[in-house]
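>>> Sharing a sequence plus its predicted fold:
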Amino acid sequence: MEIYVLLKKTFDTEEKINVSNGQIEDEGAEFIINPYDEYAVEEAIKQRDEHGGEVTVITIGDEGSEKQLRTALAMGADKAVLINTEDDVEDGDQYTTAKILEAFFEDKEPDLILAGNVAIDEASGQVGPRLADALGIPYVTTITDLKVSGDTATVEKDVEGDVEIVETTLPLLVTCQQGLNEPRYPSLPGIMKAKKKPLEELEIDDLDLDEDDVEAKTKTVDIFLPPEKEAGKVLKGEPQEQVKELVTLLKTEAKVL
């Protein structure tokens, strides 16, 4: 099987994020593989081990994105591709990403493409479905189980606390959700092997694209952190008095009534 994983470098939300003048400060920030993409990498490796083939991880970003690709290689992926847009794309969006990936897959014959359900930085969940639509292949989102037999795939899909079972055919794109598997940690031998695994670097020129082809369709107006949580209030007195005070606070302070 030819298996591909769409990978994204994201901010580590466990660490402090600083915003200045409507922009996230990259300097000093910690970057990781988007956590939902880790489920995609793990599932790709499992499917390869069961059915044979190769796993290729792809990301669109800058030179710094090589670290996340090497981590995926250390987990067990076979090859990596970095599409470096640092000098060509100033402000991209989901359309930009999907358009670049569409060009990348133009001469490929994937059996299975896996991606994270959402990225924790923007959480749009658009790239996977956009790419599948552009390639003309079926897709299933928020999957929690995947079984492949020949050219048929049986997928369990999370639907608001329930499960929907979908049967479809390959080639197929799926987006992966928590509960699908337990991503492995890179082992020391895996880390050493990852240094020797192929990592190809491309630019949009190599995909016969120029800046106008991938120009963003949306614009980010502002980026800001949510307000810090204030200390809670404990209401005292009889229940009727507490209810009256609560209603007053909801009207005057929270302004939700």
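Thanks, I have the structure now.

>>> In the stretch 51-200 of the chain, what residue spans correspond to helices?
For the stretch 51-200 of the chain, applying DSSP state H, counting those that start in this stretch gives helices covering 66-75, 94-104, 127-135, 188-194.

>>> So what touches stretch 197-210?
66, 69-70, 73, 77-85, 87-89, 99-100, 103-104, 106, 211, 213-214 (Cβ atoms under 8 Å, 6 or more residues apart in numbering). (Each C-beta comes from the backbone N, C-alpha and C, glycine too.)

>>> And this protein, what are its domain boundaries?
Domain ranges of the chain: 2-214, 228-257, per automatic domain parsing.

>>> can I get the CA coordinates of stretch 188-199 in PDB?
The C-alpha trace of stretch 188-199 is given here as PDB (Å, rounded to 0.1, in the frame of the first residue of the first chain):
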ATOM      1  CA  LEU A 188      16.300   5.400  20.600                       C
ATOM      2  CA  PRO A 189      16.900   3.000  17.700                       C
ATOM      3  CA  GLY A 190      14.100   4.700  15.800                       C
ATOM      4  CA  ILE A 191      15.600   8.100  16.400                       C
ATOM      5  CA  MET A 192      19.000   6.900  15.100                       C
ATOM      6  CA  LYS A 193      17.400   5.200  12.000                       C
ATOM      7  CA  ALA A 194      15.400   8.400  11.300                       C
ATOM      8  CA  LYS A 195      18.600  10.300  10.600                       C
ATOM      9  CA  LYS A 196      19.300   8.100   7.600                       C
ATOM     10  CA  LYS A 197      15.700   7.900   6.200                       C
ATOM     11  CA  PRO A 198      15.000  10.000   3.100                       C
ATOM     12  CA  LEU A 199      13.600  13.500   3.600                       C
END
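
>>> Could you pull out the buried residues of it?
Applying a neighbour-count criterion of 16 or more other Cβ atoms under 10 Å, one finds 190, 194, 197 buried in stretch 188-199.

>>> Could you tell me the end-to-end distance of stretch 114-127?
End-to-end distance for stretch 114-127: 11 Å, by Cα to Cα, to the nearest Å.

>>> Could you report the pLDDT at residue 218?
In this model, residue 218 is scored at 85, pLDDT.

>>> again with the one 5 residues further on
You'll see residue 223 listed with a pLDDT of 78.

>>> With residue 254 instead?
On the pLDDT scale, residue 254 gets 75.

>>> Please apply the same query to residue 28.
Confidence score, pLDDT, at residue 28: 68.

>>> need the strands for the chain, in chain order.
Secondary structure of the chain (DSSP state E): strands located at 2-7, 9-11, 19-20, 23-24, 31-33, 54-61, 79-84, 112-116, 139-149, 152-159, 162-169, 172-176, 199-202.

>>> Give me the contact list for the third one.
Contacts made with strand 19-20 from outside it, assessed by Cβ under 8 Å, 6+ apart, are listed as 25, 223, 224, 225.

>>> Can you list the strands that it pairs with?
Using DSSP bridges, strand 19-20 pairs in its sheet with strand 23-24 (antiparallel).

>>> For the partner strand, give the mean pLDDT please.
For strand 23-24, mean pLDDT rounds to 70.

>>> Any idea which helix or strand in this structure has the lowest mean pLDDT?
strand 23-24 (a mean of 70; mean pLDDT, DSSP states H and E).
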